[in-house]
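Engineer: pasting the structure only:
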């Protein structure tokens, strides 16, 4: 299966910097057999939505993971972009991630990350902290793989 991991951070995008969190998520997915593209996008809802839409509509990937831009600030656009392109939402995924992470920090209650499906592609927003995002992905990955295998059978 193929996946794309995008860090959503305007400063990193402008400075053409790679993301440690994105790299960690890429490694996690590769370890279970995904072929992964990784990149950095600006905090721009229109850009993020267009990339998600293009990848899902072209069936280039079966899984899109974003990291960052899931908070309550105006620039935090990842959930809004996802909701704009999703055919259906998967509310259980972010609910499970928040429930898993609440034991580490109450700040997770301010996380607006979401998940959904466009065509046969699952899209998931994760927060930006490397350790937390990696652990969150590890927590949900087997259910994502099972859903992807079923949808793409």
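Structural biologist: On my side now, so go ahead. Since the structure is predicted, the reported quantities are computational estimates derived from the model, not experimental observations. Numbers count the residues shown, from 1 in each chain.
Engineer: Quick check: the closest residue to residue 108 other than its chain neighbours vs residue 142, distance?
Structural biologist: Using CB to CB, 6 or more residues apart in numbering and skipping the chain neighbours, the partner closest in space to residue 108 is residue 101 (4.5 Å). Where C-beta positions appear, they are placed from N, C-alpha and C, glycine not excepted. Distance of residue 101 to residue 142, given as CB to CB, to the nearest Å: 18 Å.
Engineer: Which one of those two is surrounded by more residues?
Structural biologist: Neighbour tally, residue 101 and residue 142, criterion other CB atoms under 10 Å: the higher count belongs to residue 101, 21 against 10.
Engineer: and that one, what is it in contact with?
Structural biologist: By CB atoms under 8 Å, 6 or more residues apart in numbering, the contact set of residue 101 is 108, 111, 127, 132, 135, 136.
Engineer: Can you tell me which of these are classed as buried?
Structural biologist: Those of the contacts of residue 101 that meet the buried threshold are 108, 111, 127, 132, 135, 136, by 16 or more other CB atoms under 10 Å.
Engineer: is it true that residue 52 touches residue 64?
Structural biologist: Yes - counting by CB atoms under 8 Å, residue 52 touches residue 64, with 5.8 Å between them.
Engineer: what residues do these two have in common as contacts?
Structural biologist: Shared contacts of residue 52 and residue 64, defined by CB under 8 Å, 6+ apart, comprise residue 123.
Engineer: Pull out the buried positions in the helix or strand bottoming out on mean pLDDT in the chain.
Structural biologist: One helix or strand of the chain scores below all others by mean pLDDT, DSSP states H and E: helix 10-14, with a mean of 94. Using 16+ other CB under 10 Å as the test for burial, helix 10-14 gives 10, 12, 13.
Engineer: How about stretch 67-79?
Structural biologist: Of the residues in stretch 67-79, those buried (16+ other CB under 10 Å) are 67, 68, 69, 70, 71, 76, 77, 78, 79.
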